[in-house]
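*Asks:* Build me a model:
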Amino acid sequence: MIRIDIPGGKSFKLRHLVSDVNGTLALDGNLLPGVEEAVSALRRDLHITLLTADTFDKGRDLAASLRVELHILNPGGEREQKAAFVRQSGADSVVAIGQGANDELMLKDSALGICVLSQEGNALPTLIAADVLAPDGVAALQLLLHPARIIATLRK
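*Replies:* Sure thing, here's the model as predicted:
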């Protein structure tokens, strides 16, 4: 668990990390440099699940290399599937990371939503739904490894 107390704001007891894959932690189906190391460190404190439509058919290999859970979405209604997964995981203890249009609701429904800037682009509604914007997926993961950065960003 990662506990984060925001002065003048919310307190978080994060137990689950739910992340989009392509555009967030991977580009064209390949993990971004630094993701594997950050995920390895986070596995000590968080249960990690990758949610993906598996556009590049590499989800199973990526999840196996990261040693995390994988949930492949059914075609159609991906936004709703991701949000439902967050709610079923206990939304008040979930940190979600994403950047695409189908990530909007999961960021909105999670306790802490992190939108990442992506080479694939960003969906504006997803950016607005987030609590924090990170420059890339690795930086988003690093925020969780260094929670004082989140405190500095969200304090009021």
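*Asks:* middle-most residue in this structure, spatially?
*Replies:* Centroid-nearest residue in the chain: Ile97, 2.0 Å away (criterion: C-alpha atoms, centre = their mean).
*Asks:* what about that residue, which SS state?
*Replies:* For Ile97, the assignment made with DSSP: H, G, I helix; E, B strand; the rest coil gives strand.
*Asks:* That one is in contact with Leu117, isn't it?
*Replies:* No - judged on C-beta atoms under 8 Å, Ile97 makes no contact with Leu117 at a distance of 11.9 Å. (Each C-beta comes from the backbone N, C-alpha and C, glycine too.)
*Asks:* what do the two both touch?
*Replies:* Both Ile97 and Leu117 are contacted by Ala134, under the criterion C-beta atoms under 8 Å, 6 or more residues apart in numbering.
*Asks:* Ala96: what's it in contact with?
*Replies:* 17-19, 82, 86, 103, 106-107, 109-110, 112-114.
*Asks:* From those residues, pick the one nearest Ile150.
*Replies:* Leu112 (7.5 Å; C-beta to C-beta).
*Asks:* which residues does the closest one contact?
*Replies:* Taking C-beta under 8 Å, 6+ apart as the contact definition, Leu112 lies against Ile4, Phe12, Leu14, Val94, Val95, Ala96, Asp131, Val132, Ile150.
*Asks:* Kindly tell me how buried the closest residue to it other than its chain neighbours is, as a neighbour count.
*Replies:* Leaving aside its sequence neighbours, Leu112 sits nearest to Val95 (C-beta to C-beta, 6 or more residues apart in numbering; 4.4 Å). By other C-beta atoms under 10 Å, 29 other residues sit near Val95.
*Asks:* hang on, isn't Val95 packed against Leu17?
*Replies:* Yes - counting by C-beta under 8 Å, Val95 does reach Leu17; the two are 5.4 Å apart.
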